[in-house]
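>>> Turn this into a structure:
(one chain, ligands or ions: 1)
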Amino acid sequence: MRATSRRPEEVIIVGGGIIGCSIAWQLSCRGRSVRILERQEPGGLATHAAAGILGPFNETDRPGPFLDLMRRSLHLYPDFVARLIEETGLSPDFEPSGILSVALSGEERGGLLERYAWQSALDPSIVFCEPDQARLFEPALTGPFDSAIYYPDEGHVFAPRLIKALLGALTRRRVPLEQGVAVTRIAPSGHGTLLVYDQEGECREAEKVILAAGALLSDIEIPGTRIAVFPVNGQILAVRSPGSFYRRVVFYPPHGYFVPKLDGTVVIGATEESIGPRTRVTPAGLMEFLSPLAGLAPELLDLPLHHTWSGLRPKSSDGFPIMGPHPECPGLFLAGGHYRNGILLAPVTGEIMADWIDGGAPDASTPFLPARFLKSDRG
Ligand code: GLY
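Residues are numbered from 1 along each chain as shown. Next up, the predicted model:
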């Protein structure tokens, strides 16, 4: 292995996706020196594939710390986006358009009403709608359905443009991002720093290392117990819509969602497939979320197909994010397992991880510490 004679970096972030870039930006805003190492293209595993939905109430079936974390991040979004635009002039098309969640059949109405009861106690602006009222929010729902909930504060962002703006901000801040560096191993140096080895055998040294490598996080050999993150393939597609007929994000759980983007495309998704670290797009996969749309919003299926693609969501073994120090390796931090909500959770993850690097122990990260896996493994 070739050792470097460079001075140790203050912070190395492994992974240049939305999570790694958001942490790097937050650290740079706080005056920290940081370097990002990226295996391929920044955002290539999950960020570029994401539909960009910002919908906390649609991503959990109960109140608690995970919902609180998502809501806190949603509230950070306007300022996060405004600061990125101010720094770069690049807009990530943040659109707090509101989200509708639809019960397709009468059997689903009870579940929707239960959700409405606990969710509206937390946010009184949420509205339970019969179909006619829901169609005022989204006229594209021309087919029959039973009922819906409208979430006025939720929305979406264009994920590829968001990471472009973050990368622009990092460039302006002279944060180095090295592409083509596949980190394979982290090891203690023996004098308080960490050594970061790549596939070429090159070694970089850092005071602190943050693993933000998405679905490939647990491929990296580390001192202490490795914490598992699994890839979950999501197939997705976009159609081209003339004008701006489609207005709101619509969830039709458990089948899928559609997201009208400001550029006139409508993104429709998505499968969840545990097939290892590979992506695929299949007719059967696309049918999972397209078939129910034929009843709900049939005109969408007549629009020209623009693009199909897929990406790898990083899922932890309990499905919740992992944020904080590795308890068995001083100086090593993990930021991963954001699963379906990396885009939504990017601003809050940046803040929480920067607080950790600043020497704090942020309250909000407590339920999400890496240590929870070690405890449960040891009974
Ligand atoms: N956030 C939606 C998804 O992962 O499909």
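
>>> Every contact and neighbour count from this point should use C-alpha atoms.
OK.

>>> count of neighbours near Arg30?
Applying other Cα atoms under 10 Å, we find 12 other residues in the vicinity of Arg30.

>>> Just the pLDDT at Arg2, thanks.
Arg2 carries a pLDDT score of 55 in this model.

>>> residues in contact with the helix or strand where Phe128 lies?
Using DSSP states H and E, Phe128 sits in strand 127-129. With contact meaning Cα atoms under 8 Å, 6 or more residues apart in numbering, strand 127-129 is reached by 113, 116, 120, 147-151.

>>> what do you get for stretch 218-232?
By Cα under 8 Å, 6+ apart, the list of residues contacting stretch 218-232 reads 183-188, 214-217, 272-277, 312-317, 328-329, 336-337, 339, 370, 373-374.

>>> got it, and stretch 270-282?
215-216, 230-236, 256-257, 285-286, 288-289, 308-312.

>>> can you give me the strands for the stretch 201-350 of the chain?
203-211, 229-240, 249-252, 256-260, 265-269, 305-316, 322-325, 332-336 (DSSP state E, counting those that start in this stretch).

>>> to the chain's geometric centre, what's the distance from the second one?
Here the centre of strand 229-240 is set off from its chain's centre by 12 Å, with Cα atoms, centre = their mean, to the nearest Å.

>>> Then the fifth one?
What separates the centre of strand 265-269 from the centre of its chain is 17 Å, taken as Cα atoms, centre = their mean.

>>> that older thread, which of the contacts of strand 127-129 sits closest to the ligand?
Closest approach to the ligand among the contacts of strand 127-129 (Cα to the nearest ligand atom): Tyr151, at 15.9 Å.

>>> What about that closest one, how many residues nearby?
Other residues close to Tyr151 by other Cα under 10 Å number 25.

>>> could we number from 13 for the rest of this?
Right, with 13 as the first residue, what we last looked at is Tyr163.

>>> quick one, what contacts it?
110-112, 137-139.

>>> Please report the distance of the residue in the chain positioned nearest to the ligand from Ile65.
Nearest residue of the chain to the ligand, counting by Cα to the nearest ligand atom: Arg352, 3.6 Å away. Distance of Arg352 to Ile65, computed by Cα to Cα, to the nearest Å: 9 Å.

>>> higher neighbour count, these two?
More crowded of Arg352 and Ile65, by other Cα under 10 Å: Ile65, with 27 against 24.

>>> Please name the bridge partners of the more buried one.
Judged by DSSP bridges, the bridge partners of Ile65 are His168.

>>> what residues are up against it?
Ile65 is in contact with 167-169, 261, 271, 355-356, counting by Cα under 8 Å, 6+ apart.

>>> likewise Ser137?
By Cα under 8 Å, 6+ apart, the contact set of Ser137 is 163-164.

>>> Need the residue closest to the centroid of this protein.
Gly354 (1.1 Å; Cα atoms, centre = their mean).

>>> surely it meets Ile31?
Yes - applying Cα atoms under 8 Å, one finds Gly354 in contact with Ile31, separated by 6.7 Å.

>>> Leu96 - that's part of a helix, no?
Yes - counting by DSSP: H, G, I helix; E, B strand; the rest coil, Leu96 falls inside a helix.

>>> so Asn259 touches Ser109, yeah?
Check again: residue 259 is Arg, not Asn. Yes - with contact defined as Cα under 8 Å, Arg259 counts as touching Ser109 (7.2 Å).

>>> Which pLDDT value goes with the residue lying closest to Leu79 once chain neighbours are set aside?
Counting by Cα to Cα, 6 or more residues apart in numbering, Leu79 lies nearest to Pro68, which is 6.2 Å off, once chain neighbours are set aside. For Pro68, the pLDDT comes out at 98.

>>> Same check on the one 3 residues further on?
Each residue has a pLDDT score; the one for Glu71 is 97.

>>> okay, and for the stretch 13-162 of the chain, where does confidence drop off?
Low-confidence segments of the stretch 13-162 of the chain (pLDDT under 70): 13-17.

>>> Repeat the analysis, applying 80 as the threshold.
Within the stretch 13-162 of the chain, the stretches with pLDDT under 80 are 13-18.

>>> got a list of what Val251 touches?
277-280, 312, 315-319.

>>> rerun at 6 Å
Going by Cα atoms under 6 Å, 6 or more residues apart in numbering, Val251 touches 277-278, 315-318.

>>> top of those residues by neighbour count?
Val278 (25 neighbours).

>>> What parts of this structure come near the ligand?
65, 282, 352-353 (Cα under 6 Å from any ligand atom).

>>> what about Pro337, how many neighbours?
The local packing of Pro337 (other Cα under 10 Å) involves 22 other residues.

>>> about what we covered before: would TSV of the residues of the chain next to the ligand with distance to Arg44 be doable?
Listed next are these as TSV, based on distance: Cα to Cα, whole Å:
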residue	distance to Arg44
Ile65	30
Ala282	38
Arg352	29
Asn353	26
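
>>> Considering those residues, which is situated nearest to Leu182?
Of all these, Asn353 has the smallest distance to Leu182: 22.2 Å, by Cα to Cα.

>>> what does the model give the closest one for pLDDT?
Per-residue confidence (pLDDT) for Asn353: 98.

>>> Would you mind measuring from it to His168?
12 Å.

>>> neighbour-wise, which of those two wins?
The neighbour comparison of Asn353 against His168 (other Cα under 10 Å) goes to His168, with 26 against 21.
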